[in-house]
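Colleague: no sequence on hand, only this structure:
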Ligand SMILES: NC(=O)c1ccc[n+]([C@@H]2O[C@H](COP(=O)([O-])OP(=O)(O)OC[C@H]3O[C@@H](n4cnc5c(N)ncnc54)[C@H](OP(=O)(O)O)[C@@H]3O)[C@@H](O)[C@H]2O)c1
């Protein structure tokens with residue numbers, strides 16, 4: 001049977017450590033987990049079974065393995081130290097017999113986005129970022145549709161637009177909307193991106209290093225590698241859709257708490273083909289996976305045991321190819337989720353109603 005492995009790591013330290021080690025999760029506080037994670041070895045998490053291609057009937061198996069570092073640790077420690085730990089985790093995948101290895105969340109963000117890690121390992125590696133791009137863009141298109149926001153005349157924004165995932169998301173969205181804000185921290189990188197996109201983009205492109213412009217956008221795709229939230233309630237206009245692809249999240253939990261007129265959706269969740277059992281609760285409902293996991297799985301189903309998405313320069317061609325491969329084997333964009341909960345049709349209705357009222361109140365105060 002063909003095989004794959006996928007590296008995960010704690011994102012919310014207490015919650016995620018409790019999922020594997022309930023006692024440690026209970027007794028250690030967040031600071032202690034951060035500290036001890038430096039000395040922990042890679043951890044075997046679970047065997048994954050039941051994934052079956054809808055196109056070929058081929059069944060594969062895989063493993064979750066964990067790099068113990070938290071995102072904060074990965075940003076603080078020297079890059080070489082982080083690489084070393086991820087490579088050790090990859091070597092565990094090799095021992096298990098994995099034929100392809102996926103890098104989850106921050107293990108794909110650190111340094112050169114997988115290149116050094118892939119060079120140090122025999123097993124082929126992918127970050128999963130190409131499929132993450134496609135699933136995020138599809139999710140925002142679908143959310144625009146349910147919120148009655150016509151794409152052609154919409155104003156959209158990509159936060160973290162200069163990042164590996166953000167750049168190609170911006171490239172795809174530039175084909176869909178009328179106006180697109182590219183938001184990042186560095187003016188020179190934003191200018192470079194705008195100049196590159198403007199050669200073929202049909203929409204107006206505006207760059208910004210501040211979040212204030214988010215108020216202009218109806219559709220927001222946010223995908224920074226910040227370790228704290230960056231999108232807050234005061235940044236958003238009533239009725240807007242925010243697709244949060246980042247892990248840890250970019251959108252403040254306060255948005256859910258105080259803005260019932262905004263639709264926040266988690267970017268990057270897909271249905272996996274076959275009666276899959278991950279034998280580990282990573283926070284999703286049964287049968288669903290992150291898009292980056294799905295890229296690794298889809299490549300294993302396709303028998304493409306090669307380095308696939310690596311480095312900070314993703315290409316649209318790869319994004320479209322992995323989308324075809326994933327669709328062929330039966331991966332589908334899942335329903336909407338927001339802050340770990342399913343979004344129901346009634347909730348979407350309520351957001352639309354609340355947004356209408358909020359707009360009327362705003363107009364009355366002008
Ligand atoms: N949902 C999924 O399936 C999935 C899959 C893969 C990755 N991800 C997540 O996607 C996110 C981005 O990954 P990536 O590979 O595109 O990362 P990346 O290449 O490092 O890009 C990150 C972007 O975020 C910006 N940024 C970093 N810190 C920031 C801050 N404090 N405030 C505002 N902007 C900030 C960076 O700007 P500068 O250029 O100025 O540094 C850059 O534009 C990560 O959170 C990762 O975990 C999710």
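Modeller: Here it is on my side, so go on. Every value quoted in this text rests on a predicted model; they were computed, and no experiment measured them.

Colleague: who in the stretch 101-250 of the chain is up against the ligand?
Modeller: Contact residues, the stretch 101-250 of the chain versus the ligand (CB under 6 Å from any ligand atom): 105-106, 108-109, 113, 128-129, 132, 160, 162-166, 184-186, 189, 223-226, 230, 245-247. C-beta: built from backbone N, CA, C; applies to glycine.

Colleague: now with 5 Å?
Modeller: For the stretch 101-250 of the chain, the contact set with the ligand under CB under 5 Å from any ligand atom comprises 105, 109, 132, 160, 162-165, 184-186, 223-226, 230, 245-247.

Colleague: in ChimeraX, how would I select just the buried ones from the residues you listed?
Modeller: A single ChimeraX command selects the buried members of those (16 or more other CB atoms under 10 Å):
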select :105,109,132,160,162,163,164,165,184,223,224,225,226,230,245,246,247
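
Colleague: count of neighbours near the closest residue to the ligand within the stretch 251-366 of the chain?
Modeller: Scanning the stretch 251-366 of the chain for the residue nearest the ligand gives residue 268, at 3.1 Å (criterion: CB to the nearest ligand atom). Using other CB atoms under 10 Å, residue 268 has 29 neighbouring residues.

Colleague: same thing with residue 199?
Modeller: By the measure other CB under 10 Å, the count of residues near residue 199 is 6.

Colleague: what secondary structure does it sit in?
Modeller: Classification of residue 199 using DSSP: H, G, I helix; E, B strand; the rest coil returns coil.

Colleague: and residue 228, that's in a helix?
Modeller: No - counting by three-state DSSP, residue 228 falls outside a helix, being coil.

Colleague: just to revisit the earlier point, how far away is the residue lying closest to the residue of the stretch 251-366 of the chain closest to the ligand once chain neighbours are set aside from residue 105?
Modeller: Counting by CB to CB, 6 or more residues apart in numbering, residue 268 lies nearest to residue 291, which is 4.2 Å off, once chain neighbours are set aside. Distance of residue 291 to residue 105, given as CB to CB, to the nearest Å: 12 Å.

Colleague: and if you look at residue 56?
Modeller: Here the distance between residue 56 and residue 105 works out to 29 Å (CB to CB).

Colleague: and residue 207, what does it touch?
Modeller: 181, 182, 183, 184, 187, 190, 191, 193, 194 (CB atoms under 8 Å, 6 or more residues apart in numbering).

Colleague: for those residues, pick the one with the most neighbours.
Modeller: Highest neighbour count within the contacts of residue 207: residue 183, with 28 neighbours (other CB under 10 Å).

Colleague: now for the longest helix seen in the chain, which elements pack on it?
Modeller: As assigned by DSSP state H, the longest helix anywhere in the chain is helix 345-364. On a contact count with 3 or more CB pairs under 8 Å, 6 or more residues apart in numbering; DSSP states H and E, helix 345-364 meets no helix or strand.
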